[in-house]
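> The sequence isn't on hand, but the structure is:
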DNA sequence: TTCGTAATTGCAGACGATTGCAACGGATCA
DNA sequence: TGATCCGTTGCAATCGTCTGCAATTACGAA
């Protein structure tokens, strides 16, 4: 190593007394070069440990071979799984990934978009923050003809491809399961009302109830701001309801886990006194006592699919028209929702 | 938008009939420009939604303002926390982050390094894979004078800065806690022997025993390959030991959770029949039944510290000499380790 | 011997932004 | 009137890589 960091073509060229363009062609295995020259150059390149400068290449071809990802928070197991799927797939297709987290803030989300666009990513994968209820920043991306795909937390009115779970279907599955187990008075603990998943899962909840001829009781739909405090309040509120619900379906597992913990402190037995179910199948769901019935949504698969679609678009393998990919969820039945003695 | 993606200085220059260099100077608020010209240019830039091309800037100044991060797996809550800390800190200091996962494979780890170096990252933050037991690739990085910092899973013989937890200290804390609770026959469930943390935590385990005058029994040190199957085998092996250990300290929480689940299936009561403790303070540790005593290691803080140190190095704020930062862990006492009736 | 042709290689310009230096015009001063 | 200086702007080179085209060489054919 002389001084700087990386060996460049210029240095190889100087050492061998050829021009830079010859070096470039040799390293690309161009057929119009003399085999002997090519050999010498590739040998010298290996010996000098030459690595192409991706920055320069990107600048030249106006493609960075890098994708940007924005998720609400990396530490959520679900989003971490998505990222993992994105990463693995992107790498095998020759793309790098820059990851940002919005920390559930729309301001941060906008800033992340700016950064990634300035960094010349070839495309973006975005899952919206909880705060995001205006969408100009996405429309602007669209107007600037920047490729992006929305996943999980999407906004339906943007004409781009989206990958989501069948949230309504998943909620329907789990509520139907509760109904089949004989529960009738079933509460739904929702997150903030304008969240995409709050709405979708409520749809499924309502559909299942209707199908079973159970009358909708608005009092049975409770809201939490998804903080620990909010979750505990809801837990207490439900206990005090008259008559008390027989089963509760929480919009996401963390809420269910908080509720479960709080109830256990109050001496409530699950599922004997109240049955409980969640959504997401977080790792915690399997290990709480009793294990939590929930709806599994494979994040890794979602990430894979979202990035595959984006790359197909970029590489011209997919049609320009936006598509909406909907992934199926899987009902995971555990003890927390079983009428005892259990049917199976 | 005409055709391409981004507005460039050239387009602003053409529109206003000035040269590109003038545009450049205007956007840098250079004092040697006519105020009126400057105004016109900044106005046009805003109107045309100009964003500097970071790729071009990076190429010019030979600094990408991007860092590379390599972790064994993103979906681990601990590493996700590290990444979160790294990300947040890097952004506030004007750096972007590219994240890769080695999936615990040394081959992948080497490939990640290559990719990131080719991408001209200004520095690297690396946590080694489980498989990594040779270190030429790190020595090569060092020889090429590429800045990097190791964190959590480190190799001590590389002369670069490292950020670790006081693993031996944490293990000492928890084993001492078990000893104070009256347990004497304490087993240690270790991961593969050549892992850094396996060794360090064993050190702490042994030190605590010695301090309390408890004789070391090699049979009490059991190994798992950290797979579910391996963990369950160890769980059974411990139950069959004669005499049976009174308490078990598992190297990481996931092992402890698997062991706990398996024991509960066998009708073993925790902590009445055997006490149990883990290490890491994963989210699952708090919600299992009984809640798991463990050692908390703040990943977010570790990420923050590691990246701060790397950036200080890059910006010339830190000395060139490698330092070793050791973070303290916190003992988290929960029910799984309490002698009943509990002292407190 | 001369011309044509193919095989090799180099030159120069481009990607987008930055910057030292030169150039230009106008104004001031002698 | 001429010299000088300052304010303002443009030219050209640079970062590392790629590529269309031109240039060079050698070789065989006529």
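That came through fine. Fair warning: this is a prediction, and the values are worked out from it, not measured in the lab.
> going forward, measure contacts between C-alpha atoms and count neighbours the same way
Noted.
> quick one, strands of the stretch 201-344 of chain A?
A:221-223, A:247-250, A:275-277, A:294-296, A:324-327, A:330-332 (DSSP state E, counting those that start in this stretch).
> for the stretch 1-150 of chain A, same thing?
Ranges of strands in the stretch 1-150 of chain A, per DSSP E, counting those that start in this stretch, are A:66-71, A:96-101, A:123-126, A:148-151.
> Using JSON lines, lay out these together with mean pLDDT and mean neighbour count.
Listed next are the strands of the stretch 1-150 of chain A as JSON lines, based on pLDDT from 0 to 100; neighbours: other CA atoms under 10 Å in any protein chain shown:
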{"stretch": "strand A:66-71", "mean pLDDT": "97", "mean neighbour count": "26"}
{"stretch": "strand A:96-101", "mean pLDDT": "95", "mean neighbour count": "24"}
{"stretch": "strand A:123-126", "mean pLDDT": "97", "mean neighbour count": "25"}
{"stretch": "strand A:148-151", "mean pLDDT": "97", "mean neighbour count": "26"}
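> what about stretch A:116-128, how long is it end to end?
Start and end residues of stretch A:116-128 are separated by 15 Å (CA to CA, to the nearest Å).
> for stretch A:98-117, that is, sorry about that
By CA to CA, one end of stretch A:98-117 lies 11 Å from the other end.
> Is that stretch in proximity to DNA strand C?
No - judged by CA under 7 Å from any atom of the strand, stretch A:98-117 and DNA strand C are separated, with a smallest distance of 11.8 Å.
> May I see the buried residues of that stretch?
Of the residues in stretch A:98-117, A:98-106, A:108-110, A:112-113, A:115-117 count as buried by neighbour count, 16 or more other CA atoms under 10 Å in any protein chain shown.
> List, out of those residues, those positioned next to chain B.
A:98, A:99, A:100, A:101 (CA under 8 Å from any CA of the partner chain).
> Which residues does the third one form beta bridges with?
For residue A:100, the beta-bridge partners are residue A:70 (DSSP bridges).
> would you list the strands of the stretch 1-150 of chain A in JSON lines and tack on distance to DNA strand D?
What follows is the strands of the stretch 1-150 of chain A, written out as JSON lines (distance: least, CA to the nearest atom of the strand, whole Å):
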{"stretch": "strand A:66-71", "distance to DNA strand D": "16"}
{"stretch": "strand A:96-101", "distance to DNA strand D": "17"}
{"stretch": "strand A:123-126", "distance to DNA strand D": "21"}
{"stretch": "strand A:148-151", "distance to DNA strand D": "26"}
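> need those in CSV with distance to residue B:224, can you?
Converted to CSV, these look like this (distance: least, CA to CA, whole Å):
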stretch, distance to residue B:224
strand A:66-71, 34
strand A:96-101, 33
strand A:123-126, 38
strand A:148-151, 38
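> Go through those and name the closest to residue A:319.
Comparing the strands of the stretch 1-150 of chain A against residue A:319 with CA to CA, the closest turns out to be strand A:148-151 (13.6 Å).
> buried residues in stretch A:263-275?
Buried residues in stretch A:263-275 (16+ other CA under 10 Å): A:263, A:270, A:271, A:274, A:275.
> closest to residue B:24 among these?
residue A:263 (63.4 Å).
> quick one: that closest one and residue A:236, what's the gap?
Distance of residue A:263 to residue A:236, given as CA to CA: 8 Å.
> Could you give the average pLDDT over stretch A:307-324?
Stretch A:307-324 shows a mean pLDDT of 90.
> Tell me if it is near chain B.
No - using CA under 8 Å from any CA, stretch A:307-324 never reaches chain B; the gap is at least 13.1 Å.
> thinking again about what came up before, now tabulate the buried residues of stretch A:263-275 in a markdown table and tack on pLDDT.
Output for the buried residues of stretch A:263-275, formatted as a markdown table (pLDDT from 0 to 100):
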| residue | pLDDT |
| --- | --- |
| A:263 | 95 |
| A:270 | 93 |
| A:271 | 92 |
| A:274 | 95 |
| A:275 | 96 |
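> Redo those residues as JSON lines? Include distance to residue B:26.
Below are those laid out as JSON lines (distance: CA to CA, whole Å):
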{"residue": "A:263", "distance to residue B:26": "64"}
{"residue": "A:270", "distance to residue B:26": "68"}
{"residue": "A:271", "distance to residue B:26": "69"}
{"residue": "A:274", "distance to residue B:26": "68"}
{"residue": "A:275", "distance to residue B:26": "66"}
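> Grab the nearest non-local neighbour of residue A:38.
Closest residue to residue A:38 apart from its sequence neighbours, by CA to CA, 6 or more residues apart in numbering or on different chains: residue A:26 at 5.0 Å.
> which ones are touching residue A:278?
By CA atoms under 8 Å, 6 or more residues apart in numbering or on different chains, the residues touching residue A:278 are A:249, A:250, A:251, A:252, A:253, A:255, A:256, A:292, A:293, A:294, A:295.
> ranking these by neighbours, who comes first?
Within those, neighbour counts (other CA atoms under 10 Å in any protein chain shown) peak at residue A:294, which reaches 32 neighbours.
> was I right about that residue contacting residue A:284?
No - contact criterion CA atoms under 8 Å: residue A:294 and residue A:284 do not qualify, at 11.0 Å.
> Residue numbers of the stretch 151-300 of chain A in contact with DNA strand D?
Counting by CA under 7 Å from any atom of the strand, no residue of the stretch 151-300 of chain A sits close to DNA strand D.
> Which residues of the stretch 151-300 of chain A lie near DNA strand C?
Within the stretch 151-300 of chain A, no position is adjacent to DNA strand C by CA under 7 Å from any atom of the strand.
> quick one: residue A:299 and residue A:78 touch, right?
Yes - if you go by CA under 8 Å, residue A:299 and residue A:78 touch, sitting 5.6 Å apart.
> ok so, going back, closest one of the ones next to chain B among the buried residues of stretch A:98-117 to DNA strand C?
Of all those, residue A:98 has the smallest distance to DNA strand C: 20.1 Å, by CA to the nearest atom of the strand.
> on that earlier part again, can you add distance to chain B and pLDDT and give the contacts of residue A:278 back as JSON lines?
Below are the contacts of residue A:278 laid out as JSON lines (distance: CA to the nearest CA, whole Å; pLDDT from 0 to 100):
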{"residue": "A:249", "distance to chain B": "19", "pLDDT": "98"}
{"residue": "A:250", "distance to chain B": "17", "pLDDT": "98"}
{"residue": "A:251", "distance to chain B": "19", "pLDDT": "97"}
{"residue": "A:252", "distance to chain B": "15", "pLDDT": "96"}
{"residue": "A:253", "distance to chain B": "12", "pLDDT": "97"}
{"residue": "A:255", "distance to chain B": "13", "pLDDT": "97"}
{"residue": "A:256", "distance to chain B": "12", "pLDDT": "97"}
{"residue": "A:292", "distance to chain B": "11", "pLDDT": "97"}
{"residue": "A:293", "distance to chain B": "15", "pLDDT": "97"}
{"residue": "A:294", "distance to chain B": "16", "pLDDT": "98"}
{"residue": "A:295", "distance to chain B": "18", "pLDDT": "98"}
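> That's all I had, so thanks and see you.
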